[in-house]
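[1] Following is a predicted model, sequence given first.
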Amino acid sequence: MRIPIAFLYVLCVCMNGVAQLKNEPGGSIISFNLNKSLSSQLQLNAKWESRILLLRQGASSEQGLQYQRSDLELIATVPAGLRAKAGGGLLLRMQQGRLQYRLVQQYALVRTHGPLKVGHRFRADQQFAAGRPPRFRLRYRISAQLPFSGEKVDIKEFYFKAANEYLPTLRAANFDVEIRGLLVLGFVPATGHKLEAGLDARLSGTLLASQSLQNWLALSWYIPL
């Protein structure tokens with residue numbers, strides 16, 4: 001069993017390319033995704049995500065790792081057609097001692113084309129926090145998953161996943177669009193479990209003069225209950 005060299009090469013090329021741009025401090029995004037079937041129709045997904053910033057030597061003397069925030073997201077879904085689900089839920093965010101909450105509505109579907117699995121997710125969310133105007137977003141994400149061998153991903157096999165997401169955002173009178181790109185290597189250690197690691201690049205300020213790019217090392221574990 002070998003880690004595909006082609007994936008590592010592509011990842012290095014992408015990281016080198018984004019490194020040529022003006023970057024904001026990035027770091028690591030660590031997430032745990034738990035899935036539980038409550039009935040034949042109802043499924044619950046619980047996601048815990050934490051961000052750790054990598055501070056570099058610069059204008060400030062700070063350098064090293066710094067905890068930024070944690071999110072807890074709870075989404076309930078029901079079938080909404082062939083290989084499609086609709087649902088909604090709540091996200092709670094703790095950052096700098098301040099609690100924020102976000103209402104979420106989504107519709108997702110998956111289509112297969114031979115070994116290629118293509119997913120589409122449409123999502124809307126509304127974020128509220130004390131002392132700040134609410135934020136409203138629409139999100140569209142397209143993803144593709146491909147096994148490195150065979151027609152499907154079996155236990156103890158690797159797969160490749162790429163995703164692109166667009167997030168129009170409105171807060172008070174300010175409108176912007178964030179663009180995200182994800183490139184990860186996945187591994188299936190056991191039935192229902194998935195481990196993923198790769199690059200998560202996020203470009204904000206696309207409609208403004210001050211664009212900023214953040215690069216994150218994304219680490220995820222999907223766990224069935």
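    Great, that's in hand.

[2] ok, Pro168 touching Asp125?
    No. Between Pro168 and Asp125 no contact is recorded; they are 11.5 Å apart, counting by CB atoms under 8 Å. In this view, the C-beta of every residue, glycine as well, is placed from N, C-alpha and C.

[3] For the two, indicate the residue with more neighbours.
    Asp125 (21 against 15; other CB atoms under 10 Å).

[4] ok, the helix or strand containing the more buried one: who's next to it in the sheet?
    Using DSSP states H and E, the element containing Asp125 is strand 116-129. Partners of strand 116-129 in the sheet, by DSSP bridges, are strand 98-113 (antiparallel), strand 132-147 (antiparallel).

[5] in it, what's buried?
    Within strand 116-129, the residues that count as buried by 16 or more other CB atoms under 10 Å are Lys117, Gly119, Arg121, Arg123, Asp125, Gln127.

[6] how about the nearest residue to the first one, chain neighbours excluded?
    The shortest distance from Lys117 to any non-neighbouring residue, by CB to CB, 6 or more residues apart in numbering, is to Gln145 (4.4 Å).

[7] Dig out what the one you found forms beta bridges with.
    With DSSP bridges as the rule, Gln145 is bridged to Lys117, Lys161.

[8] Enumerate every residue touching it.
    Going by CB atoms under 8 Å, 6 or more residues apart in numbering, Gln145 touches Leu116, Lys117, Gly119, Val153, Tyr159, Phe160, Lys161, Gly186.

[9] just to revisit the earlier point, export the strands paired with strand 116-129 to a markdown table and append columns for distance to Asn35 and mean pLDDT.
    Output for the strands paired with strand 116-129, formatted as a markdown table (distance: least, CB to CB, whole Å; pLDDT from 0 to 100):
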| stretch | distance to Asn35 | mean pLDDT |
| --- | --- | --- |
| strand 98-113 | 13 | 95 |
| strand 132-147 | 16 | 95 |
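
[10] where along the chain do the helices fall?
    Secondary structure of the chain, counting by DSSP state H: helices at 5-19.

[11] low-confidence ranges in it?
    1-24, 55-63, 206-210 (pLDDT under 70).

[12] let's see it at 90
    1-26, 40, 53-68, 81-82, 95-99, 129-132, 149-151, 172-176, 204-214 (pLDDT under 90).

[13] list the residues that contact both of Pro168 and Asp125?
    Going by CB under 8 Å, 6+ apart, residues that sit against Pro168 and also against Asp125 are Arg137.

[14] What's opposite Trp48 in the beta bridge?
    Phe32, Leu72.

[15] What residues does it make contact with?
    Ser31, Phe32, Ser70, Asp71, Leu72.

[16] Would you quantify the distance from it to Leu217?
    17 Å (CB to CB, to the nearest Å).

[17] Number of residues surrounding Arg98?
    Neighbour number of Arg98 under other CB under 10 Å is 12.

[18] give the contact list for it.
    Ala129, Ala130.

[19] I'd guessed Tyr222 sits against Lys194; true?
    Yes. The criterion here is CB under 8 Å, and Tyr222 meets it with Lys194 at 4.1 Å.

[20] measure the residue lying closest to Asp154 once chain neighbours are set aside to Tyr166 for me?
    Using CB to CB, 6+ apart and skipping residues adjacent in sequence, the residue nearest Asp154 is Val188, 7.0 Å away. Look at Val188 and Tyr166: by CB to CB, they are 29 Å apart.

[21] Look at those two and report which has more neighbours.
    Neighbours per residue, other CB under 10 Å: of Val188 and Tyr166, the larger number sits with Val188, 18 against 14.
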